[in-house]
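# build me a structure from this.
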Amino acid sequence: MASSCRAALRCCRCLIQLNEVSARIMLLLNESGTKMPATFAHPAVKKLERQLMKLMMLALLFSITPLVVMAQQPAESGERRVALTDTTVALDAAGASALEGSLRTTALNGTTDSPVTNIRMVVKNSSTVSYALVSGLVTFYDSSGVRCGEGLFKANALAVGEAFETDTPGIRIRCSPSTWRIIATNLLPRVAPLVENPAAVSRATTNLLISIDGAEHPLQIDRPLVLTLGNAQRTIVVRPAP
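Modelled structure (predicted):
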């Protein structure tokens, strides 16, 4: 791409210089009152200009094409395959890191007739969210990039930065893998329990007293209090305001 850019610049310089020379000659001829010779309108000159223009356009095209190809290539996925000794990353729906996985079992030599059926791995919550449930898939690939094993993992109540060691039920590795990765299939955030009516809880834990002429009587919400006033009894009920 750099050589194409340099060629385009050279073509531009040649074309500019040719135009400048032609313009100066035309200016001198006009000042002297001399008509332009036929040689300046010769088809060879026009042909040279057209060839220079074509070369410049081709050089620009070659220099822009790699940029267009790079722009059309998709961004590399964060859930890429890594070596067995490296840490792999699983993404959430927003494309951010959610889980990190590392293998405890790295000596994996399976075959079709004798697959590896048990491994240990550590999964860490690398996000900023605490999860009530996480689950995912771990996959292994041979040196040609062909998947040759897969298994599942799951954990409950995973806090931010917390890690857990687990196996992968159902795994069958049918090769000697060189790379692996993990994918998050479920990331259920943990939601703090909500109190439906905090005011009601506050009222229930408050001791109320009513004082009548210095005599105190216990008072409870929605519980009638019967008082004798003179020769008559009066019932008092306290209820919360709507």
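# show me what contacts residue 164?
Taking Cβ atoms under 8 Å, 6 or more residues apart in numbering as the criterion, residue 164 is in contact with 122-123, 155, 158. C-beta coordinates here come from the backbone N, C-alpha and C atoms, glycine included.
# ok, now residue 57?
Contacts of residue 57 (Cβ under 8 Å, 6+ apart): none.
# assign it to helix, strand or coil.
Secondary structure, DSSP: H, G, I helix; E, B strand; the rest coil: residue 57 is helix.
# ok, so of the contacts of residue 164, who is nearest residue 191?
For these, the minimum distance to residue 191 (Cβ to Cβ) is 14.0 Å, reached by residue 158.
# quick check: beta-bridge partners of that closest one?
residue 131 (DSSP bridges).
# hmm, back to that, what two of the contacts of residue 164 have the greatest distance between them?
Across these, no pair lies farther apart than 122 and 158, at 12.2 Å, counting by Cβ to Cβ.
# comparing those two, which shows the higher neighbour count?
Neighbours per residue, other Cβ atoms under 10 Å: of residue 122 and residue 158, the larger number sits with residue 158, 23 against 14.
# look up how far residue 223 lies from that one.
Separation of residue 158 from residue 223 (Cβ to Cβ, to the nearest Å) stands at 46 Å.
# just residue 154 next, same as before
50 Å.
# what does residue 101 give?
Taking Cβ to Cβ as the measure, residue 101 falls 59 Å from residue 223.
# all the strands of the protein, residue numbers only.
With strands called from DSSP state E, the chain shows them at 82-83, 88-91, 97-103, 121-125, 131-141, 147-158, 163-166, 179-189, 208-212, 215-219, 225-229, 232-236.
# partner strands of the third one, with direction?
Put plainly, it is strand 97-103. Strands that pair with strand 97-103, judged by DSSP bridges, come out as strand 88-91 (antiparallel), strand 121-125 (antiparallel).
# make CSV from the ones you listed and add distance to residue 191 and mean pLDDT to it.
Below are those laid out as CSV (distance: least, Cβ to Cβ, whole Å; pLDDT from 0 to 100):
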stretch, distance to residue 191, mean pLDDT
strand 88-91, 22, 94
strand 121-125, 16, 96
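# from those strands, which stretch is densest packed?
Comparing the strands paired with strand 97-103 by mean neighbour count (mean count of other Cβ atoms under 10 Å), strand 88-91 ranks first with a mean of 22.
# quick one: residues in contact with that one.
If you take Cβ under 8 Å, 6+ apart as the criterion, strand 88-91 is touched by 77-82, 97-102, 126, 136, 180-184.
# just stretch 108-119 next, same as before
For stretch 108-119, the external contacting residues (Cβ under 8 Å, 6+ apart) are 84, 103-105, 140, 148-149, 151, 167-168, 171-177.
# try 10 Å
The set of residues external to stretch 108-119 that reach it, using Cβ atoms under 10 Å, 6 or more residues apart in numbering, is 84, 103-107, 138, 140, 148-149, 151, 166-178, 180.
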